[in-house]
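[1] need coordinates for the following:
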Amino acid sequence: MAATWVFLLSMPGYAKERRDTRSPPEYPRQDWLRDSLRSTDLVVVGTPRRSPPDQAFLEVTRILFAEPHSAAKVSAGVIPILPDRFRFTDPCHGIWILIRTPAGFTSTNPDALPLDERTWPRIKGQIATNIYRDVPGPLREHESKHQLYRTFDQGGTEVSHGINVHLSDRIFTELHARGRLLHTRAWDRAGRLERVAKLPRKGPGFFLQWRDGKLLSFSHFLDGQLTGTERTYYPDSGRLRHEVNYQAGVRHGEEQAWDEQGKRLFHERFEHGFLPPVIAYRGSKKPVASLTKGADSLYYSAPRWLMNIFLSRGVGMTTKEVSTLLQLDFSERSGITFPHYRCDESLDIEFRAGKIAKVSILDNGVHCE
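    Have a look, this model is predicted:
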């Protein structure tokens, strides 16, 4: 199965909560435009110009919106822009939706070309959602060679608000509102959208990633947890590389992997994070241990005395005896891991034929003082 080569810019928006969690999430043009207007520092009408050998600027004929720090960068109708990359076509006159980086402004227009001036009456109402329209207090700007962001003081704590821009051979942005992350986006050196992620605490979210314009991976989220299908693709051929299914943030259903020729390398089925069959605890006692399920791992925590029972007398215990002692669900195939037996050691339990076959103390990779 090959990845799609195009952005889904003309289809119904993800904002309408289309819940097909097997297909790639949609990021239509209208969502891209709305996100750009929400996070922009500056919206202008202008024309890009080059200043040899390696500088560029935008001749501004009209300012449509300006965040105060960025407005101060407009001097004599000219602003610096990033040269030789990031979406500026020379010389195209129109509307540019801009964010500021440590090296100059760059465009976040949904297209490589500027917007037609005639579209402004239709879209200008969306500027009301701009992050700088609702400022909780005076914003302090922080700028270094590779990063630019803004914060406000909240009881002595610096809280992020607005766009956080990281500049390298790519541009990576985070949009914060009063310390809460709203979305992330990234562009490659050619100005193509490379990544977009929206992970709200409530409701549907998604992650999309491209490379050289080809879909590289996607994930779906619900209430901040992975759900549905996650896929990654080989960047050159676009063939499917890995697929895994999630429910409530843990693996549930099939997980598969293929080589670049399409030969299946791995196939497994999960049941609520476990490799089945699951030994379910049916007792009524409240366990002293706890189970944490991550997207790709399971681990347990327990008092030292309980872990020492497994260490000293565990080998040979039946799964029924383990269930009575642990008082939590587990899987013989997944095994049981206590990652914090000691600061720098984990306790790992392996099963075979319905009994504990091996109990090991392993280095957990933590460096302890």
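[2] go through stretch 337-348 and flag the buried ones.
    Within stretch 337-348, the residues scored as buried using 16 or more other CB atoms under 10 Å are 337, 338, 339, 340, 341, 345, 346, 347, 348. For glycine as for every other residue, the C-beta is placed from the backbone atoms N, C-alpha and C.
[3] now tabulate those residues in CSV and tack on pLDDT, secondary structure and distance to residue 275.
    As requested, the buried residues of stretch 337-348 are exported to CSV (pLDDT from 0 to 100; DSSP: H, G, I helix; E, B strand; the rest coil; distance: CB to CB, whole Å):
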residue, pLDDT, secondary structure, distance to residue 275
337, 97, strand, 13
338, 97, strand, 18
339, 96, strand, 18
340, 94, strand, 23
341, 96, strand, 22
345, 95, strand, 24
346, 97, strand, 19
347, 97, strand, 19
348, 98, strand, 15
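[4] quick one: contacts for the spatially closest residue to residue 22 that is not a sequence neighbour?
    Excluding its sequence neighbours, the residue lying closest to residue 22 (CB to CB, 6 or more residues apart in numbering) is residue 229, at 4.6 Å. By CB atoms under 8 Å, 6 or more residues apart in numbering, the residues touching residue 229 are 21, 22, 220, 243, 244, 245, 246.
[5] cool, and residue 230?
    217, 218, 219, 220, 243, 244, 245, 246.
[6] what bridges to the first one?
    Going back to what we said before, that points to residue 217. Beta-bridge partners recorded for residue 217 (DSSP bridges): residue 209, residue 232.
[7] I'd say it and residue 209 touch.
    Yes. Using CB atoms under 8 Å, residue 217 is in contact with residue 209, at 4.7 Å.
[8] circling back to that earlier point, the residue nearest to residue 22: what secondary structure?
    strand (DSSP: H, G, I helix; E, B strand; the rest coil).
[9] strands paired with the longest strand along the chain, and their directions?
    If you go by DSSP state E, the chain has its longest strand at strand 55-66. Paired neighbours of strand 55-66 in the sheet (DSSP bridges): strand 42-51 (antiparallel), strand 78-81 (antiparallel).
[10] quick one: the helices in the stretch 201-350 of the chain?
    Secondary structure of the stretch 201-350 of the chain (DSSP state H, counting those that start in this stretch): helices at 304-313, 319-326.
[11] just these: most buried one?
    Counting by mean count of other CB atoms under 10 Å, helix 319-326 has the highest mean neighbour count of the helices of the stretch 201-350 of the chain, with a mean of 17.
[12] between helix 304-313 and that one, find me the angle.
    150 degrees (axes from the mean of the first three to the mean of the last three CA atoms, to 10 degrees).
[13] show residues contacting helix 319-326.
    For helix 319-326, using CB under 8 Å, 6+ apart, the contacting residues are 279, 281-283, 287, 289, 300, 302, 306, 309-310, 314, 317, 330, 332, 336, 349, 351, 354-356.
[14] so how do I select the buried members of those in ChimeraX?
    If you want just the buried ones from the contacts of helix 319-326 in ChimeraX, going by 16+ other CB under 10 Å, the selection is:
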select :279,281,289,300,302,306,310,314,317,330,332,336,349,351,355,356
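[15] picking up where we left off before, out of the contacts of residue 229, who has the most neighbours?
    Counting neighbours by other CB atoms under 10 Å, residue 246 leads those with 25 neighbours.
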